[in-house]
Each structure stands twice: as structure tokens, then as C-alpha cells.
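Visitor: With the sequence up front, the predicted model follows.
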Amino acid sequence: MLMKLLHRLWLGCVLVVSMAYWAVGGLLLVLAGLVLSPVLPVEKSRALGQSLLQETFDGFLRLLRLCGVFECEFRGFEALEGVTGGLIIAPNHPALWDAVFVIAKVRGLRCILKASLMHNPFLRGGAKLAGFIPNKPAHKMLQHSIEALRQGDRLLFFPEGTRTRKQENAVNRFQGGIGIIATQSSAPVWPVFIETNSDYLCKGWPLWRLPDRKIKLRITLGEPLASPPDESAADFTERLRAVCLAALSKEPKTAA
């Protein structure tokens, strides 16, 4: 009983430290955006923002790993080494912090972000500096995403559109935007399969609620999918979801 209480107190301290980390990091990114955006060309400003955000996310994960909160195994990401040109990274979305892990691992990502999060004080500075694209209005999101891919950018796009609902089991139904963007841009889509042993930060899990055990994740990069000229956006979307479902069903629901 005492050990359990001490563990909960420790997790509470980690939560406070984490919030402080994001408060300071978010403020610094806002200041960086205010200072650098007006004086740097858009491409250089964006590249710098992506680098700063990646370092910030990686630092946060190092902090949590040091505190013993989680373990994460990345698989297959070496396949991206040397890959150039526009591409889409498309993970399933079991928890709120999935983007943190992927952005910390993959360089140069522009994220398709929920429009409301573009106003989040912890995220808005880094998101704007890194050139993140709000998901609303939808027609502008599609236009900006296709243009970005044709210019050789890398996009992070969660096809479920929101965190996986428990009743949907492995993944929600995929939103049609991923198919439209893939077929219109001809950019390859690299699926990412995220598995975890915990419901921490899943849909409906409040941010202040502590996990009940050490969180283990396995994040695997799949083979890229290309859209042939005669494939419809809807067919591509369903094919991508089928690949995701097949990959997640091959492994236990909990990470190793």
C-alpha cells in the first residue's frame, strides 16, 4: 500500500514537471516565432520550426523515460533514411500523445492539426513556426496539403481524424481526406502502427488522470503505399485502413 502511494505521488510530481516543461517550451517557441518569422524566408523559418519542435518533443520523451513513465520501441524507421520528396506519415491514433512520439522520431514533419489546437498556448508557437496545417476549413486543408506534398514536404496525417474510440476496437473508420490527398498528390503514404499496453490518454481520458502502470509502446513503420492513376480516393482510403487493421491484428493488443 505504501509503495503504491509513493508511486502515485511520484507520478503526480512527473505530471507537474511535464506541465512546467510544456509551459516553458511553449513560451520559447512562441517567442521564436515572433522573432524569426518576420526576418527569415518561409522555407528556412519552417525548417527551423520543425527542428525546434522535434528537439522539444524529443526532450520531453527523454524526461519521461528518465522518470520511468514509459518504454517505447521504434521499428522500421531506418527505411526513411535517404528518402526524399513529398510523403505522408499515417499512424493510427490510440492516444493524445501519439504525435509527440512520431514527430520526435521523424525529421521535417508538417502535421495536419485539429484547428482548435492551433490556438493552444502550449502548441501554437511551434505549430505555426513549423508550418502545421489546420484541418478546417476542409477544402483549404486539402489544397494546402497537396501543394505541400508537391513541393516535397513531409506530412503527418492521422487518418482516423481523432483518437480511436474503444467501441471501434483497432481503429476508427478513416476520414476521406487521406485518400483525396494521396491520389491528387501521388505522394506515397507510409502507415505507422502504434500499439500500447495502456489506455493512458485515450479517447475520454482526462489529462490530469495518472496512468495505473508503466506504459509500453511499440511504434512500427510499414511499407509505403502508392495510389495508381485509376484508383479512387475512397478505394485508397479503404486499402490503407485494411493494411492498418491487418498489421495491428498480427500482434497482441499490448506492446511487448
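Guide: The structure has been received and is ready for your questions. Numbering: from 1, shown residues only.

Visitor: Which residue ranges of the stretch 101-250 of the chain form helices?
Guide: 124-129, 138-150, 177-185, 233-249 (DSSP state H, counting those that start in this stretch).

Visitor: For those, give me a markdown table that also has distance to residue 59.
Guide: Quick note: C-beta positions are derived from backbone N, CA and C, even for glycine. As requested, these are arranged in a markdown table below (distance: least, C-beta to C-beta, whole Å):
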| stretch | distance to residue 59 |
| --- | --- |
| helix 124-129 | 12 |
| helix 138-150 | 26 |
| helix 177-185 | 30 |
| helix 233-249 | 29 |
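
Visitor: ok, residue 199 touching residue 205?
Guide: Yes. At 6.3 Å, residue 199 and residue 205 qualify as touching, with contact defined as C-beta atoms under 8 Å.

Visitor: Setting aside sequence neighbours, what's the nearest residue to residue 30?
Guide: Ranked by C-beta to C-beta, 6 or more residues apart in numbering and with sequence neighbours excluded, the top spatial neighbour of residue 30 is residue 125, at 3.2 Å.

Visitor: got the contact list for that neighbour?
Guide: 26-33 (C-beta atoms under 8 Å, 6 or more residues apart in numbering).

Visitor: Pull out the buried members of those residues.
Guide: 26, 29-30, 32-33 (16 or more other C-beta atoms under 10 Å).

Visitor: Make a markdown table out of these and add pLDDT.
Guide: Converted to a markdown table, the buried ones among the contacts of residue 125 look like this (pLDDT from 0 to 100):
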| residue | pLDDT |
| --- | --- |
| 26 | 80 |
| 29 | 82 |
| 30 | 79 |
| 32 | 82 |
| 33 | 79 |
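
Visitor: Alright, calling it a day.
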